[in-house]
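In: I'd like to go over a predicted model; first the sequence, then the structure.
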Amino acid sequence: MLFIRNGRVMTMEGQEYARASILVESGKIKSIGENLEAPAGAEIIDAEGKYVLPGFIDAHTHLGTHESSVRWEGEDTNEMTDPVTPHVRALDSINPMDETFRDSVCGGVTAVIASPGSANVIGGQTVAIKTGGSIRVDDLVMKQPHSMKCALGENPKNCYGQMKKTAPMTRMASAAIFRETMFKTKEYLEKKENASEDAKKPDFNMKYEALIPVIKGEIPVHFHAHRADDIHTIIRITKEFNLKVVLLHSTDGHLICDSIKEAGYPAVIGPTLTHKSKPEVTNKTFETVNIMNKAGILTCITTDHPVTPLQHLPVCAALNVHAGLDESEALKSITIYAAEIMGLADRIGSLKEGKDADIVVWDKHPLLTTAHAEKVIIDGKLLYSRD
């Protein structure tokens, strides 16, 4: 058992305690309250004068797939041999011994989506993981597959059109490749389901097998796009197949709030703490989250690690506050909103009885750039102490 005593508890559930305690048992939050007593034998963390929050969450990273301090040897985010690779899994690329896992824990980030890159139109399966607790990645998994990574815009065009002189050379080819693959997956699934003694099952196809959960709506598509026209194309082609969708990056999202709100798609915004590195991010601004938030679109903030190092997620949230986002909304954008977009809000994203005990004790308000995570707990285990 673990007992966090007398901290300023910000639950992200609409309730804040000036002075409260949290009891953790068997990796879960057992109770939160102002008058709790520490059970006999519990390990006690004194949080007097400290801020206690849920662990921060980034819903789009390449944690462990793109390692630190290496070149091609540890860069395993993009299988750039085919624009359609739904059968590959980020899980099989992740190295949890990479130093960025420790950096993330020390920065108070406790859960992420680790994703393939955006070189391919269909890039592969993402995985939801905790950032610490084991050097065996399987022990960190919350959901596999979590979603299917796809991409439109400049990245597939550059990887194939510019570098290899093959399709997709254009945006229309990228859309066509995605659409054709969805049609073929539907056809494959129908043949499997209608197979009988008179109708032979189709030959096994690992790509289509990986996409069946997408077609069935069992997992969402996490779709990379920056420019407004690419976002509109995503809406157009995914509505054709009635897919679940999360928009990634959405650099132009603040310019087309009505379209995104009508589509009903949530958005993961960022990375904004970077240079405007290519034409499609010309309209990049820290105001995007605030504008989309006020329009009623569910949004969260991403570092797109390693584009911005994951431990700087609260800095990104603070810069959104500087650009007009309400402070409480900024905190929700890296906790409960991220968890809701991930479909894992029943486990993470807030401090609530029964949820995973992913808890961080901060010496100051965590959106201050001078704040430090003093204690970081994942699944009820104290994984980092600044003492």
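Out: Good, I have the coordinates. Numbering: from 1, shown residues only.
In: give me phi/psi at the residue nearest to the spatial centre of the chain?
Out: With distances taken as C-alpha atoms, centre = their mean, Ala59 lies nearest the centre of the chain, 1.2 Å away. When quoted as degrees, to the nearest 10, the phi and psi of Ala59 stand at phi -80, psi 10.
In: And it, how close does it get to Thr299?
Out: Counting by C-beta to C-beta, to the nearest Å, the gap between Ala59 and Thr299 amounts to 10 Å. Any C-beta I mention is one placed from the backbone N, CA and C, and that applies to glycine too.
In: anything in contact with each of those two?
Out: Jointly contacting Ala59 and Thr299 under the rule C-beta atoms under 8 Å, 6 or more residues apart in numbering are Val268.
In: Leaving out the residues flanking it, which one is nearest to Thr185?
Out: Leu211 (4.3 Å; C-beta to C-beta, 6 or more residues apart in numbering).
In: Let me see the contact set for the residue nearest to the centre of the chain.
Out: Per C-beta under 8 Å, 6+ apart, neighbours of Ala59: 112-113, 246, 268, 300, 302, 338, 341-342.
In: mind running it again at 7 Å?
Out: For Ala59, the contact set (C-beta atoms under 7 Å, 6 or more residues apart in numbering) comprises 113, 268, 300, 302, 338, 341-342.
In: From what I see, the residue nearest to Thr185 and His87 are in contact.
Out: No: assessed by C-beta atoms under 7 Å, Leu211 is found out of contact with His87, at 8.7 Å.
In: what about those two, which has more around it?
Out: Leu211 (26 against 16; other C-beta atoms under 10 Å).
In: follow-up on the earlier one: in which helix or strand does the residue nearest to Thr185 reside?
Out: helix 206-215 (DSSP states H and E).
In: quick one on the thing from earlier: what about the residue nearest to the centre of the chain, distance to Asp363?
Out: Distance from Ala59 to Asp363, by C-beta to C-beta: 26 Å.
In: one step back: quick check: what element follows the helix holding Leu211 along the chain?
Out: Moving toward the C-terminus from helix 206-215, the next element (DSSP H and E) is strand 221-225.
In: For the helix holding Leu211, the averaged confidence score.
Out: For helix 206-215, the mean pLDDT works out to 98.
In: For it, enumerate the helices and strands it packs against.
Out: helix 171-193 (3 or more C-beta pairs under 7 Å, 6 or more residues apart in numbering; DSSP states H and E).
In: quick one: contacts of the helix it packs on?
Out: 83-84, 121-122, 150, 152, 156-157, 167-168, 201-202, 205, 208, 211-212, 215, 233, 237, 241.
In: ok, the residue nearest to the centre of the chain to Leu331 distance?
Out: Counting by C-beta to C-beta, the gap from Ala59 to Leu331 is 15 Å.
In: What about the closest residue to Asn6 other than its chain neighbours, how many residues nearby?
Out: Nearest residue to Asn6 in three dimensions, chain neighbours excluded: Glu48, at 4.7 Å (C-beta to C-beta, 6+ apart). When neighbours are defined as other C-beta under 10 Å, Glu48 has 9 of them.
In: What of Lys200?
Out: 9.
In: Just confirm it is within a helix.
Out: No: counting by DSSP: H, G, I helix; E, B strand; the rest coil, Lys200 falls outside a helix, being coil.
In: gap between it and Thr233?
Out: Lys200 is 36 Å from Thr233, by C-beta to C-beta.
In: ok, now Gly253?
Out: 14 Å.
In: between those two, who's got more neighbours?
Out: Between Gly253 and Thr233, counted using other C-beta under 10 Å, Gly253 has the larger neighbour count: 26 against 20.
In: How much space separates that one from Val137?
Out: Taken as C-beta to C-beta, the span from Gly253 to Val137 is 32 Å.
In: got it, and Ser328?
Out: Counting by C-beta to C-beta - Ser328 and Val137 are separated by 34 Å.
In: swap in Thr131?
Out: 11 Å.
In: Compare these two (neighbour count), which wins?
Out: Thr131 (33 against 21).
In: Over to that one: give its phi and psi.
Out: The phi/psi pair for Thr131 (degrees, to the nearest 10) is phi -90, psi 0.
In: Check the one 5 residues further on too.
Out: Geometry field for Arg136 lists phi and psi as phi -110, psi 110, criterion degrees, to the nearest 10.
In: Over to Glu79?
Out: phi -90, psi 80.
In: Surely it and Val88 touch.
Out: Yes: shown here, Glu79 and Val88 form a contact pair, counting by C-beta under 7 Å, at 5.1 Å.
In: Overlap in contacts, the two.
Out: Gly124.
In: quick one: which of the two has more around it?
Out: Taking other C-beta under 10 Å, Glu79 and Val88 do not tie; Val88 has more neighbours (22 against 17).
In: if you skip the residues just before and after it, what's nearest to that one?
Out: Using C-beta to C-beta, 6+ apart, the closest residue to Val88 is Gly124 (3.8 Å).
In: For that neighbour, list the residues it contacts.
Out: 79, 85-86, 88-90, 116, 149.
In: Val9 sits in which helix or strand?
Out: Assigned by DSSP H and E, Val9 falls in strand 2-10.
In: Right, I'll leave it there.
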